[in-house]
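Trainee: Got a predicted structure plus its sequence, pasted below:
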Amino acid sequence: MVEKVIGVDLGGTNIRAGLIDEGGEIAKRAHAKTPHNGSASEIVNAIVNLIRSVNDSGDAVKNVGIAAASVIDFQDLRKSMWPNLPQLQGLDLAGEIANISGLEVTIENDANAAVIGEHWQGSAKGAQNVIGITLGTGVGGGIIVNGEIFRGASGSAGEIGHICVEPDGVPCGCGSTGCLEQYSSATAIVRFTKEVLATFPESPLHSKLEFEAKDVFEAALKDDLAGIRAFEVAGRYLGIACAALINLLNPEVIVVMGGLAGSWNLLSRSVLEELQKRAFQQAVERVNIVRGVLGDDAGILGAAKLTFADMGFSGS
Ligand SMILES: [Zn+2]
């Protein structure tokens, strides 16, 4: 019998679940909006309902992996930080889900899970040293060293979004200032566009009262100079952080994931310029920067892979 587990990806906006076999096939998927204004128990219930909806083989599945938008503290799960879902602060989410569902629960940070997913079934397959960067509303990261996720002393390693790229820069939700998350996220793209828009009176973005990173992306694809400039600035900061990561870790692959990964072509030129300026040439020549190919499935696949590893399966 092919062994299956359930992978769950709990984000600030969406919860996804999948029934996944040891070969990485997703047999069934389910999705719900995260009740982000609801109580902790509403979030727990939403997760349990999704687990039940994909678990059609009943008792056969005994394990679930959760990729969570949380800085996990593996020494004491109740000390994990939930910047986007503060109502979960102080809760042992994995323990709670285990109690209600009767399943064994593995938990991991969502960006770590996403890079594990890409390493297992996506664009970082076969590489030993990988850095994953998720570019979305925020910026997340995960590091694979010698084929294994690198968690650090308590589990918070890989928070690439909170590398400082501008010492006296924009305040960040983490308490610091000038974090990469404030300079290379979708939020930053919108801010940069607003800052430069007056310089580009012909920009079609003037016709919108409010716009999102997606609108800037579409304008930039149509050669709007304000949009192109915003992505260049974001790419420059991303390049500064990537140069530091390359000098530190000498990875074979950097996987760019998340909602902004589709705009890599707009970011890449200024990223590569910074790498040429700042990183060791030998390491820059060695690294392959690729886009993730798993999209929204990266998190559930990574959570499933970790769960198989906890069960003693090496996976394929
Ligand atoms: Zn920060």
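Mentor: Structure received.
Trainee: Which stretches in the stretch 51-200 of the chain count as strands?
Mentor: 63-68, 104-109, 130-135, 139-145, 148-149 (DSSP state E, counting those that start in this stretch).
Trainee: of these, which approaches the ion most closely?
Mentor: strand 139-145 (9.0 Å; CB to the ion). Any C-beta I mention is one placed from the backbone N, CA and C, and that applies to glycine too.
Trainee: Determine if any part of the closest one is in contact with the ion.
Mentor: No - counting by CB under 5 Å from the ion, the ion has no neighbours in strand 139-145; the shortest distance is 9.0 Å.
Trainee: Which strands or helices does that strand pack on?
Mentor: Applying 3 or more CB pairs under 8 Å, 6 or more residues apart in numbering; DSSP states H and E, we find strand 139-145 packed against helix 110-121, strand 130-135.
Trainee: The last one: partners in the sheet, and parallel or antiparallel?
Mentor: Under the criterion DSSP bridges, strand 130-135 sits next to strand 139-145 (antiparallel), strand 253-257 (parallel) in its sheet.
Trainee: any idea which of the strands of the stretch 51-200 of the chain is most buried?
Mentor: strand 130-135 (a mean of 29; mean count of other CB atoms under 10 Å).
Trainee: what does stretch 283-293 rub up against?
Mentor: The contact list for stretch 283-293 (CB atoms under 8 Å, 6 or more residues apart in numbering) reads 114, 118, 122-124, 132, 242, 246-247, 250-258, 261-262, 264, 268, 271, 275-276, 298.
Trainee: Now, of those, which are buried?
Mentor: Neighbour-count burial (16 or more other CB atoms under 10 Å) applied to these gives 114, 118, 122-124, 132, 242, 246, 251-258, 261, 264, 268, 271, 275, 298.
Trainee: Also near the ion: which of those, exactly?
Mentor: Near the ion, by the rule CB under 5 Å from the ion, you find none of those.
Trainee: Redo the strands paired with strand 130-135 as JSON lines? Include distance to Val293 and mean pLDDT.
Mentor: Shown next, in JSON lines, are the strands paired with strand 130-135 (distance: least, CB to CB, whole Å; pLDDT from 0 to 100):
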{"stretch": "strand 139-145", "distance to Val293": "16", "mean pLDDT": "97"}
{"stretch": "strand 253-257", "distance to Val293": "9", "mean pLDDT": "98"}
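Trainee: now the residue nearest to Gln89 when sequence neighbours are not counted: how far from Gly126?
Mentor: Setting aside the residues directly before and after it, Gln89 is nearest to Trp82 in space (CB to CB, 6 or more residues apart in numbering), at 5.3 Å. For Trp82, the distance to Gly126 (CB to CB, to the nearest Å) stands at 34 Å.
Trainee: Between the two, point out the one with more neighbours.
Mentor: It is Trp82, of Trp82 and Gly126, that has more neighbours when counted by other CB atoms under 10 Å, with 21 against 9.
Trainee: where does the more buried one fall, phi/psi-wise?
Mentor: Phi and psi for Trp82, reported as degrees, to the nearest 10, are phi -130, psi 70.
Trainee: give the contact list for Asp73.
Mentor: Contacts for Asp73 were tallied using CB under 8 Å, 6+ apart; they are 79-81, 154-156.
Trainee: how many neighbours does the closest residue to the ion within the stretch 201-316 of the chain have?
Mentor: Residue nearest to the ion within the stretch 201-316 of the chain (CB to the ion): Ala241, separated by 11.9 Å. Number of residues near Ala241 (other CB under 10 Å) recorded here: 24.
Trainee: Tell me the helices and strands packed up against the biggest helix by length in the chain.
Mentor: For the chain, the longest helix by residue count, based on DSSP state H, is helix 225-249. If you count contacts as 3+ CB pairs under 8 Å, 6+ apart, helix 225-249 packs onto strand 130-135, helix 186-196, helix 213-221, strand 253-257, helix 264-278, helix 281-286.
Trainee: circling back to that earlier point, compare the strands of the stretch 51-200 of the chain and report which one is nearest to Ala186.
Mentor: With CB to CB as the criterion, Ala186 lies closest to strand 130-135 of the strands of the stretch 51-200 of the chain, at 7.4 Å.
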